[in-house]
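Undergrad: What would the 3D arrangement of this be:
(4 chains)
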Protein chains: 2
Amino acid sequence: MGATKTDHFTDRQNQIAIIAKALGHPARIAIIDYLLKVNSCICGDIVNELPLAQPTISQHLKELKNAGLIKGSIEGNSICYCIDEKTFDILKDYFSKIITTVTNQKCC
Amino acid sequence: MGATKTDHFTDRQNQIAIIAKALGHPARIAIIDYLLKVNSCICGDIVNELPLAQPTISQHLKELKNAGLIKGSIEGNSICYCIDEKTFDILKDYFSKIITTVTNQKCC
DNA sequence: AATGTTTATCGTAATATTACAATATAGATA
DNA sequence: TATCTATATTGTAATATTACGATAAACATT
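TA: Predicted coordinates for the structure are as follows:
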């Protein structure tokens, strides 16, 4: 017990959940906010910007990358992380659809 | 150690993270999907619909409710759960803003 | 080559989440 | 009121997440 029963849900449900989960931590939202603000980014910057140790930030960046929310390219001896909008589109579409459907419902 | 350092982040960052986190489990996405499908709902239905025990579903419903994603009204001896679109709007607006910003960036 | 800088990984302690059996609670119905 | 039905709560085991010190890896610079 304790582990999520991934195989009982559809691929789409798992996909949405994985992306949402990656955004389910304020440090990761703060990283996204910072990436938007600076328009381009080096991880070291984030370490100075956030109240977390370097290994913790590296771990959060990894999760955002695994979820497809950011992509990183090697830039000399540091790494440039950027937002990957395709993945954000998936979520936006999902929410848009929900809102449209609910608006047409007469319930509760 | 181990606990999220909530007070180091902005209220808005925490708010987005809490909502996203609530959607970060496939069972909860499945519940949202089901609520959309049936247009109105009783918890018992969900228990028959999902491969999870009744207490587990009750727990997931509680989390969705705490995050403001659904609302429940007592309906005789059962409970009618519905989607609360206001909260989905918050996320949709957040993602829309991200996508607009990123599209105008020339990075990586 | 030695040193410095930047980022990742390992190990691990603290905490949180997930799932469910057992049980409680609340309202409906007999 | 006794019983049934629907949902919530409690307790707890299994697992996952979060945070960070220590260390490694990769590249740059001296």
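Undergrad: Could you count how many residues lie near A:Lys86?
TA: 11 (other Cβ atoms under 10 Å in any protein chain shown). No exception for glycine: its C-beta is placed from N, CA and C like everyone else's.
Undergrad: Now do the contacts for the nearest residue to it once chain neighbours are set aside.
TA: Nearest residue to A:Lys86 in three dimensions, chain neighbours excluded: A:Gly68, at 7.3 Å (Cβ to Cβ, 6 or more residues apart in numbering or on different chains). A:Gly68 is in contact with A:Ile19, A:Asp84, A:Lys86, A:Thr87, counting by Cβ atoms under 8 Å, 6 or more residues apart in numbering or on different chains.
Undergrad: ditto for A:Thr6
TA: Applying Cβ under 8 Å, 6+ apart, we find A:Thr6 in contact with A:Asn14, B:Pro26.
Undergrad: per-residue confidence at it?
TA: Predicted confidence (pLDDT) for A:Thr6: 86.
Undergrad: what stretches of chain A score poorly on pLDDT?
TA: A:1, A:104-108 (pLDDT under 70).
Undergrad: Give me the longest helix you can find in it.
TA: helix A:85-103 (DSSP state H).
Undergrad: what about the residue in chain A that DNA strand D sits nearest to, how many residues close to it?
TA: Residue nearest to DNA strand D within chain A: A:Gly2 (1.9 Å; Cβ to the nearest atom of the strand). By the criterion of other Cβ under 10 Å, A:Gly2 has 3 neighbours.
Undergrad: Is it part of a helix or strand, or is it coil?
TA: Under DSSP: H, G, I helix; E, B strand; the rest coil, A:Gly2 falls in the coil class.
Undergrad: Report the separation between it and A:Ile70.
TA: The spacing between A:Gly2 and A:Ile70, counted by Cβ to Cβ, to the nearest Å, is 29 Å.
Undergrad: and what of A:Phe88?
TA: 10 Å.
Undergrad: Next one: stretch A:53-70, is it in contact with DNA strand C?
TA: Yes: interface with DNA strand C: stretch A:53-70 contributes A:Gln54, A:Pro55, A:Ser58, A:Gln59, A:Leu61, A:Lys62 (Cβ under 7 Å from any atom of the strand).
Undergrad: hang on, the earlier thing: check for me that the residue nearest to A:Lys86 belongs to a strand.
TA: No: A:Gly68: not assigned to a strand; according to three-state DSSP it is coil.
Undergrad: so A:Ser58 makes contact with A:Cys43?
TA: Yes: using Cβ atoms under 8 Å, A:Ser58 is in contact with A:Cys43, at 7.0 Å.
Undergrad: hmm, back to that, what's the spacing between the residue nearest to A:Lys86 and B:Gly44?
TA: Taking Cβ to Cβ, one finds A:Gly68 at 36 Å from B:Gly44.
Undergrad: Can you tell me the SS state at A:Gly24?
TA: coil.
Undergrad: give me every residue that touches it.
TA: If you count contacts by Cβ under 8 Å, 6+ apart, A:Gly24 has them with B:Ala17, B:Ile18, B:Ala20, B:Lys21, B:Ala22, B:Leu23, B:Gly24.
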